[in-house]
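Chemist: Sequence and predicted structure are below.
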Amino acid sequence: MKVLLVCLGNICRSPTAEGVLRTLAEREAPQLALQFDSAGTSGYHIGAPPDPRTMAAAQRRGYDLSALRARRVRPDDFTSFDLLLAMDEDNLADLRAQAPRSAQPRLKMFLEFAPDLGRLDVPDPYQGTAPDFDLVVDLVERGARGLLRALATQSSRSLRPAGSAGE
């Protein structure tokens, strides 16, 4: 199962989600064959490392994002990934506008996998302060654990967000 995490610039939320998912999958779900990557819907920061505030917030929780570099969503992402998870509604709308019809069912909101949070958007911390970056890590950890639970119990063809009633 290949999962792409998507935000606007790929320097805050989606690299956090990629790093958290890699670490938690290795630690808590090693039996799952998973690959993670992240990308942005814009090309603002191509080739840049995650924002220093993002890396600091992740590092405080034991996640190393230093090897990650920003990239933009590519057309082949819609065929090579089994699931493309947006960090907010705007990112999802951008993905839907770019994706071929066949990929539309694989586009979801990341926080659909943490329905107990009562929210779908991971807020963009870029204009914020350290607590905003810490909140992103909090939300991402909850979404990541929900996603890993869903992947452990459901096949990629029938993957539904945790807590959903079905189709």
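Modeler: Good, I have the coordinates.
Chemist: how about the helices in this protein?
Modeler: 13-28, 52-60, 77-80, 89-98, 130-153 (DSSP state H).
Chemist: Out of those, which one sits most buried?
Modeler: Here the criterion is mean neighbour count by mean count of other C-beta atoms under 10 Å, and of these the winner is helix 13-28, at a mean of 23. Heads up, the C-betas are built off the backbone N, CA and C, glycines and all.
Chemist: picking up where we left off before, which of the helices of the chain sits closest to residue 113?
Modeler: Among the helices of the chain, the nearest to residue 113 by C-beta to C-beta is helix 130-153 (3.5 Å).
Chemist: could you check the angle helix 13-28 makes with the closest one?
Modeler: On the basis of axes from the mean of the first three to the mean of the last three C-alpha atoms, to 10 degrees, helix 130-153 is oriented at 50 degrees to helix 13-28.
Chemist: I'd like the numbering to begin with 112 instead of 1 from here.
Modeler: Okay, residue one is now 112; in that scheme the one you just asked about reads as helix 241-264.
Chemist: hmm, who's touching helix 241-264?
Modeler: Helix 241-264 has contacts (C-beta atoms under 8 Å, 6 or more residues apart in numbering) with 112, 114, 123-124, 127-128, 131-132, 135-136, 139-140, 142-143, 145, 162, 164-165, 167-169, 171-172, 174, 196, 221-222, 224-228, 230, 233-234, 236, 270-273.
Chemist: what about residue 211, how many residues close to it?
Modeler: 9 (other C-beta atoms under 10 Å).
Chemist: do you know how far it is from residue 223?
Modeler: Separation of residue 211 from residue 223 (C-beta to C-beta, to the nearest Å) stands at 21 Å.
Chemist: For residue 189, give me its contacts.
Modeler: Neighbours of residue 189 in contact, by C-beta under 8 Å, 6+ apart: 195, 209-211, 213-214, 217.
Chemist: Who wins on neighbours among those?
Modeler: residue 195 (26 neighbours).
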